[in-house]
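Asks: sequence plus the predicted model coming up.
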Amino acid sequence: MAKESKKTKAAGNPYFTVPGMTPSQGAEVAALLQNRLTALTDLHLTLKHVHWNVVGPNFISVHEMLDPQVDAVREMADTVAERIATLGASPVGTPGAIVADRDWSDYSIGRAGAIEHLGALDLVYTGVITDHRSAIAATEELDPITQDMLIGQSAALEQFHWFVRAHLESTGGHLSTEGAVTEVQATERAGAKRRSA
């Protein structure tokens, strides 16, 4: 089952939902989507943060690669919020609710080299995609319309993740960040690999 927010749920118990679902089913899907809304909002802000703080020889290519990702992820968040509203609930997108809803830490890297930031983003994308896939599984029978939306978003997120990983991958297919479990570890490993190249 996909992660459901422990703190913030899509506001309100819906009195109505889409045809073919009960209000309680609509509320269940809306709660699941609230977690995805929080994750996508956090992701597009994190991508913009990286866009502003990336430096070094690969600055311009990474800086310009990220803006289309920011725009696409922001659009995904909007689509999720509108689906929550369609289901009869109220999407919550205030900064305080987003912070309260997260069960992950804030992005921890400030000004850093392009490869170092990409190492950290590898882990960020891994988390978002993994949770999106869990939400896909959770909506398979409950709401195939929401599932279809999440599948389309996952395809785009996985492509963006590939763009990030291509910078970290050797010709043999190994990632410079292999085995890293924190953003700081990923940053250090990516940077060490870049310096030894």
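Replies: Cool, the structure landed.

Asks: list the buried residues in stretch 140-154.
Replies: Residues 143, 146-147, 149-150, 153-154 are the ones in stretch 140-154 that count as buried (16 or more other Cβ atoms under 10 Å). Yep, even glycine has a C-beta here, placed from its N, CA and C like the rest.

Asks: can you check stretch 73-93 too?
Replies: Buried-residue list, stretch 73-93, by 16+ other Cβ under 10 Å: 73-74, 76-77, 79-81, 83-84, 87-89, 91-93.

Asks: give me the pLDDT for the closest residue to Ala180 other than its chain neighbours.
Replies: Residue nearest to Ala180 in three dimensions, not counting chain neighbours: Ala186, with 3.8 Å by Cβ to Cβ, 6 or more residues apart in numbering. Ala186 is assigned 94 on the pLDDT scale.

Asks: which secondary structure element contains Ala186?
Replies: Per DSSP states H and E, Ala186 falls inside helix 183-196.

Asks: rewinding a little: against Val54, how distant is the residue nearest to Ala180?
Replies: The spacing between Ala186 and Val54, counted by Cβ to Cβ, to the nearest Å, is 15 Å.

Asks: these two: which is more packed in?
Replies: Neighbours were counted for Ala186 and for Val54 using other Cβ atoms under 10 Å; Ala186 has more, 28 against 24.

Asks: hang on, the more buried one packs against Gly179?
Replies: No: counting by Cβ atoms under 8 Å, Ala186 does not reach Gly179; the two are 9.3 Å apart.

Asks: related to what we said a few turns ago, contacts only, for the residue nearest to Ala180.
Replies: Each residue near Ala186 by Cβ atoms under 8 Å, 6 or more residues apart in numbering is listed here: 119-120, 122-123, 177, 180.

Asks: same check on Leu142?
Replies: With Cβ under 8 Å, 6+ apart, Leu142 has these contacts: 21, 25, 28-29.

Asks: most neighbours out of those, which is it?
Replies: Using other Cβ under 10 Å as the neighbour criterion, Val29 leads the contacts of Leu142 with 25 neighbours.

Asks: any stretches of this structure with poor pLDDT?
Replies: By pLDDT under 70, the low-scoring segments of the chain are 1-13, 193-197.

Asks: who's in contact with the most centrally placed residue in it?
Replies: Against the mean C-alpha coordinate of the chain, by Cα atoms, centre = their mean, the closest residue is Val128 at 3.8 Å. Residues near Val128 by Cβ under 8 Å, 6+ apart: 39-40, 43, 157.

Asks: show me which helix runs longest in the protein.
Replies: In the chain, taking DSSP state H as the definition, the longest helix is helix 23-53.

Asks: show me what counts as buried in that helix.
Replies: Buried, per 16+ other Cβ under 10 Å, within helix 23-53: 25-51.

Asks: go on, stretch 121-140?
Replies: Using 16+ other Cβ under 10 Å as the test for burial, stretch 121-140 gives 121-125, 128-129, 131-136, 138-139.

Asks: tell me how far that stretch is from the chain's mean position?
Replies: Its chain's C-alpha centre lies 8 Å from the corresponding centre of stretch 121-140 when counted by Cα atoms, centre = their mean, to the nearest Å.
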